[in-house]
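Peer 1: Curious how this folds, go ahead:
(one chain, ligands or ions: 1)
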Amino acid sequence: MSANNSTLKPAVLVVGAGIMGAGIAQVAAQAGHPVHLYDMREGAAQSAVEKLHASLGTLVTKGKMAAQDVAALLARIVPVARLQDAADSTLVVEAIVEQLEAKRALWLQLEDMVDATCVFASNTSSISITAMAQGLRHPERLVGMHFFNPVPLMKLVEVVSGLHTAAQVANDVFFLAQSWGKVAVHARSTPGFIVNRIARPYYAEALALLQEQCTSPVVLDACLKAIDFRMGPCELMDLIGHDTNFAVTQSVYQANFFDKRYVPSLLQRELVDGGLLGRKSGRGIYDYAEGAVKPQLAAAPTADFPARSGVQLHGSGARMDAWAQQLTSAGVAFAHDRGADWTGLSTPTLQLRQTDGLTASSLGAHVAVFDLAFAPESSRVLAWAPSVRASAACATEAQAWLSALGYQPQQVADQSALVVARTVAMLINEAADAVQQGVCTVDGANQAMKLGVNYPAGPFDWLAAWSAQGVIDVLNALDAQYGGERYRVSPWLRQQAWAALGSA
Ligand code: NAD
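Peer 2: Numbering: from 1, shown residues only. Model (predicted):
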C-alpha cells in the first residue's frame, strides 16, 4: 500500500460493520477507495450499507451532498459474505469486538488469505498493538488506526505503532488518513494511546470533587464550560455512559500496573453498580426522567464595588489589566503592585487571591481564593472559596468584589486549586508525561485533544498561557493536601520549569 500517492486508491476491507466499521467504510469510499465490508453476523454488512443509504440520503435532501456523489460513494461499498471474497485487499481496517483474542484470530486468518504487503490496521481503542501483533508472520504490517465516533465527523485519527510496527507502515497509514480528510497524529502503543489517556483527569478530578462534596455537578460543569469546554465533565460522563467511562478508566489503571494516578472512582463504581449509567438509562449524575428538573446555577448576585478606597491590585497579566481597567472606569481608587508574589486584590479587610494551589484557610483568616481562567472573561462563572476562618462579612466582601468585577461567583469548599486550576493542571501533567514517554509530541497532544474530544485548547496551549512552575505549584499543593501518587509532577514539566529560569 502506498498511501501518499493520491492517484492510487488501495482496495480496503473493513471488518466489523458496527457503528465504527460503517463510518470507516463511508470515509474510505468517500475518498474514492473501493471498499469491501464484512461482518461475522449474517446480514450485518448489508444492513450497515442500507443504513448508510438512509443517512446519506438525508444529506442529499438537506443539500449537503450531491445525489450522484452519494450514489458513487455507495456503489464503492460492497458487502461481502466471506473474508475470502476480499482477498485482493491491500488495506484491512478492523473494527470488530474489543477483545484481544478475537482480533488476533482475525489477523491470523487474514494472513493466510491476503498478500504479504497488505496493511493491517486496527481501530482498537484500548488493546496493545504490540500484543495484537504477536504470533503474526508479518507483525510489522500491523498498526493502530484509531478513529473517533462519529467517524465521518470527527477529524482525528491516532496512528498507533507497536514495537513491531514498521515506520513505513505507520507513515503510509498517517498519509492515507490525511487523504481521507482526517488529521492524523502518531502515537506509541501505550494504555489509552493519547486521547483516552490525557482525558482521564477531566473525569477523575470531577468525580473526586463530587465524592468530597466540594461542590455540585452543575457548578462543576459550569466552571469548566466557562473556559469553553463544550460539555462539563458530569454531563459528558452521563452522555458517554458511566459503564463505558468506568471501563476505560479501569483498563488504563490496570494496564499501568495499578498506578494510583489513574485510580478509578468509587462514586462512579456506585453509579455503575446501581445502573445509573447516564442518559441511556434515564439517570446518571443528573436525572433525565421525563419531568425531571435540570438543576440550575444559583442566580448571580449583583453587587457594587464594596470599597472605593484602600484597594490594591497585586500581580500582573491579562486578568489584573482587565481588573485595573474596570476599577478605573468605576472610579475606584487603587494602587497596583505589579511585582507582588500573588495575583488578586486586597482591601484592609480582605485578601482575594487567585489560586496557586494553596487553600484560603492555609493562607490566613481574611483570605478568599478564586479560580484560574484561560478564556476571555465576561460574565464568567468562577469558583471561589473563603478561608474556613473567614468571618461572614469577609466572605460577603469577597463575593461582592467578584460580582462587581463581572463574574458569576460560585462558592465551593476550600480545597486545593478549586476546579479549573486543579483539572487543567492535571490534564497538562498527564500530557507532559505522555510526551516524556514518547507516546506523542507536544503538537500531537494538542491536536489530539482538540480534534478527538473537542477540547477548547490543547494541554500545551494551556501551559503556554500559564507556566510550568505555576502548574507544578498547583500539583505540589494537591499532593500536600492528598498525599500519594496521584499528583506527582511529570519530570518533563520540571525540565520546562528549569529551562524557563534561563542561563542567568
Ligand atoms: P459494534 O459493536 O457497534 O460493532 C462491532 C461489529 O463487529 C459487530 O457488528 C459484530 O457483529 C462484528 N464482529 C464482532 N466480532 C467479529 C469478528 N470476529 N469478525 C467479524 N465481525 C465481527 O462496535 P463498535 O463500537 O463499532 O467498535 C468496534 C471497534 O472500534 C472496537 O474495537 C472499539 O473499541 C473501537 N472503537 C469504538 C469507538 C466507539 O465510540 N464506539 C470509538 C473508537 C474505537
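Peer 1: Ignoring the adjacent residues along the chain, who's closest to residue 385?
Peer 2: Distances taken as CB to CB, 6 or more residues apart in numbering put residue 414 closest to residue 385, at 3.9 Å, once the chain neighbours are dropped. (Each C-beta comes from the backbone N, C-alpha and C, glycine too.)
Peer 1: Go ahead and report the secondary structure state at the residue located most distally from the centre of the chain.
Peer 2: Distance from the C-alpha centroid of the chain, by CA atoms, centre = their mean, peaks at residue 309 (44.2 Å). Three-state call for residue 309 (DSSP: H, G, I helix; E, B strand; the rest coil): coil.
Peer 1: picking up where we left off before, how about the residue nearest to residue 385, what does it touch?
Peer 2: Going by CB atoms under 8 Å, 6 or more residues apart in numbering, residue 414 touches 359, 360, 361, 369, 385, 386, 387, 388.
Peer 1: Quick one: residues contacting the first one.
Peer 2: Applying CB under 8 Å, 6+ apart to residue 359 gives the contacts 369, 385, 387, 414, 415, 416, 477, 481.
Peer 1: let's see 7 Å
Peer 2: 414, 415, 416 (CB atoms under 7 Å, 6 or more residues apart in numbering).
Peer 1: pLDDT score assigned to the residue of the stretch 351-500 of the chain found nearest the ligand?
Peer 2: As assessed by CB to the nearest ligand atom, the ligand sits closest to residue 452 within the stretch 351-500 of the chain, at 9.6 Å. Note on residue 452: pLDDT of 96.
Peer 1: residue contacts, it?
Peer 2: By CB under 7 Å, 6+ apart, the neighbours of residue 452 are 148, 154, 156, 195.
Peer 1: any idea how far residue 286 is from it?
Peer 2: 24 Å (CB to CB, to the nearest Å).
Peer 1: Wait, the residue farthest from the centre of the chain touches residue 331, no?
Peer 2: No. Judged on CB atoms under 7 Å, residue 309 makes no contact with residue 331 at a distance of 10.5 Å.
Peer 1: So which of the contacts of residue 452 sit within helices?
Peer 2: Cross-referencing the contacts of residue 452 against helices under DSSP state H gives residue 195.
Peer 1: Put together a markdown table for the contacts of residue 452, with distance to the ligand and neighbour count on each row.
Peer 2: Formatted as a markdown table, the contacts of residue 452 follow (distance: CB to the nearest ligand atom, whole Å; neighbours: other CB atoms under 10 Å):
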| residue | distance to the ligand | neighbour count |
| --- | --- | --- |
| 148 | 6 | 22 |
| 154 | 9 | 17 |
| 156 | 10 | 22 |
| 195 | 10 | 22 |
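Peer 1: Switch the contacts of residue 452 over to a markdown table; also include pLDDT and distance to residue 99.
Peer 2: Shown next, in a markdown table, are the contacts of residue 452 (pLDDT from 0 to 100; distance: CB to CB, whole Å):
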| residue | pLDDT | distance to residue 99 |
| --- | --- | --- |
| 148 | 95 | 20 |
| 154 | 95 | 23 |
| 156 | 98 | 24 |
| 195 | 97 | 21 |
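Peer 1: What residues of the helix or strand encompassing residue 245 count as buried?
Peer 2: Using DSSP states H and E, residue 245 falls within helix 242-255. For helix 242-255, the neighbour count (16 or more other CB atoms under 10 Å) marks 242, 243, 245, 246, 248, 249, 250, 251, 252, 253, 255 as buried.
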